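Enquirer: Okay, here's the prediction I keep looking at, along with the sequence it came from:
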Amino acid sequence: MQTPPVILLIEPQLVENIGMTARAMMNTGLRELRLVTPRDPWPLGEVHQKRMAAASSGADEILENAKVFASVEEAIADLNYLYATTARTHDMVNRIMTPRAAVPDMIARAGRGEKTGVMFGRERTGLINDYIVLANAKITIPLNPEFSSLNLAQAVLLIGYEWYQTQDQTPADILYTGGSVPATREEYLNFYHRLESALDEAGFFPTEDMRPSMIRSLQNTLQRAAMTEQEIRTWHGVLSALVGIPRRNQHS
Ligand code: SAH
């Protein structure tokens, strides 16, 4: 995993948002938080500290290691490439990226040994132009154009989410089977044949003509269930209970 970008909150107003930012960062594998002149002076008093800790839901490590700076210039001094997040265009010539485009750019830069950072603005006013111009590029999260301004910590979460997705190896679609394994074809067919003969005995197939298509349909449905060995055993039990004959006496 490449070194994640530093997250910078510029003049955050609410300690809850700082706490929720730490939580979002911990959720998404981001590590370094920098704060520039938070509204409530640092270190926080007991009441603010408690409110922040509650909002962080245990992401203490990020908060304990957070660094506080007196100016944006000092906070960004060691960064090689800085992104500013904003919901607005600011009427300036500038490179504007989506998070989906910005994250691979960050990863490529980290791979070349560059230190990157993502800057977030104050809740009420966002980033002022004087700060925006300090960044190399801007990130705008594409959202409903009529209502695109996010809560500060949620904006951090969406950037972190995009960051995490590019490194995550979770298979997109798996059949979770716990301790059991998918049934073998033989186990499946044994069950299916037993079902078919029970249906035969019960007079389920109205005519021989209809039989092949009904059989295909039944098999298709059962195959789609992708049953495990344990599930096949359970369905044998179901069948036995319905026909009133213990499985062992009917089939071996
Ligand atoms: N009223 C402010 C909104 C500030 S929201 C404004 O109009 O700019 C607080 C911060 O969250 C913003 O400064 C920005 O860093 C981030 N943010 C909110 N919505 C965003 C979006 N759609 N795309 C990128 N960043 C966003």
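Expert: It's in. Note that this is a predicted model, so its numbers are computed, not measured.
Enquirer: Look at the residue in the stretch 151-252 of the chain that the ligand sits nearest to and give its secondary structure.
Expert: Residue nearest to the ligand within the stretch 151-252 of the chain (Cβ to the nearest ligand atom): residue 155, separated by 3.5 Å. Where you see a C-beta, it was placed from the backbone N, CA and C, and this is true even at glycine. Recorded secondary structure, residue 155: helix (DSSP: H, G, I helix; E, B strand; the rest coil).
Enquirer: What are the boundaries of the strands in the chain?
Expert: For the chain, applying DSSP state E gives strands covering 6-10, 33-36, 67-69, 81-85, 96-97, 116-120, 137-139.
Enquirer: Please list all residues in contact with the residue nearest to the spatial centre of the chain.
Expert: Geometric centre of the chain, nearest residue: residue 161, 6.0 Å, by Cα atoms, centre = their mean. By Cβ atoms under 8 Å, 6 or more residues apart in numbering, residue 161 lies in contact with residue 28.
Enquirer: same question, residue 3
Expert: Residues counted as contacts of residue 3 (Cβ under 8 Å, 6+ apart) are 110, 115.
Enquirer: Next one, pLDDT for it please.
Expert: With respect to pLDDT, residue 3 scores 93.
Enquirer: how near is residue 25 to residue 156?
Expert: 7 Å (Cβ to Cβ, to the nearest Å).
Enquirer: where do the contact lists of those two overlap?
Expert: What both residue 25 and residue 156 touch, as defined by Cβ under 8 Å, 6+ apart, is the set residue 7.
Enquirer: okay but the residue of the stretch 151-252 of the chain closest to the ligand is in contact with residue 143, surely?
Expert: No: the pair residue 155 / residue 143 is not scored as a contact, 9.9 Å apart, by Cβ atoms under 8 Å.
Enquirer: higher neighbour count, these two?
Expert: residue 155 (25 against 13; other Cβ atoms under 10 Å).
Enquirer: residue ranges of the helices in the stretch 1-150 of the chain, please?
Expert: Ranges of helices in the stretch 1-150 of the chain, per DSSP state H, counting those that start in this stretch, are 15-27, 46-56, 60-65, 72-76, 99-111, 129-132.
Enquirer: Quick check: residues of the stretch 1-150 of the chain near the ligand?
Expert: The stretch 1-150 of the chain comes close to the ligand at residues 85-88, 120-121, 123, 125-127, 139-141, 143, 148-150, as judged by Cβ under 6 Å from any ligand atom.
Enquirer: Buried by neighbour count, from those: which ones?
Expert: 85, 86, 87, 120, 121, 123, 126, 127, 139, 140, 141, 150 (16 or more other Cβ atoms under 10 Å).
Enquirer: Dump those into JSON lines; add distance to residue 225 and pLDDT as well.
Expert: Converted to JSON lines, those look like this (distance: Cβ to Cβ, whole Å; pLDDT from 0 to 100):
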{"residue": "85", "distance to residue 225": "46", "pLDDT": "97"}
{"residue": "86", "distance to residue 225": "50", "pLDDT": "96"}
{"residue": "87", "distance to residue 225": "47", "pLDDT": "92"}
{"residue": "120", "distance to residue 225": "47", "pLDDT": "98"}
{"residue": "121", "distance to residue 225": "52", "pLDDT": "98"}
{"residue": "123", "distance to residue 225": "50", "pLDDT": "96"}
{"residue": "126", "distance to residue 225": "52", "pLDDT": "96"}
{"residue": "127", "distance to residue 225": "53", "pLDDT": "96"}
{"residue": "139", "distance to residue 225": "45", "pLDDT": "97"}
{"residue": "140", "distance to residue 225": "45", "pLDDT": "97"}
{"residue": "141", "distance to residue 225": "40", "pLDDT": "97"}
{"residue": "150", "distance to residue 225": "42", "pLDDT": "97"}
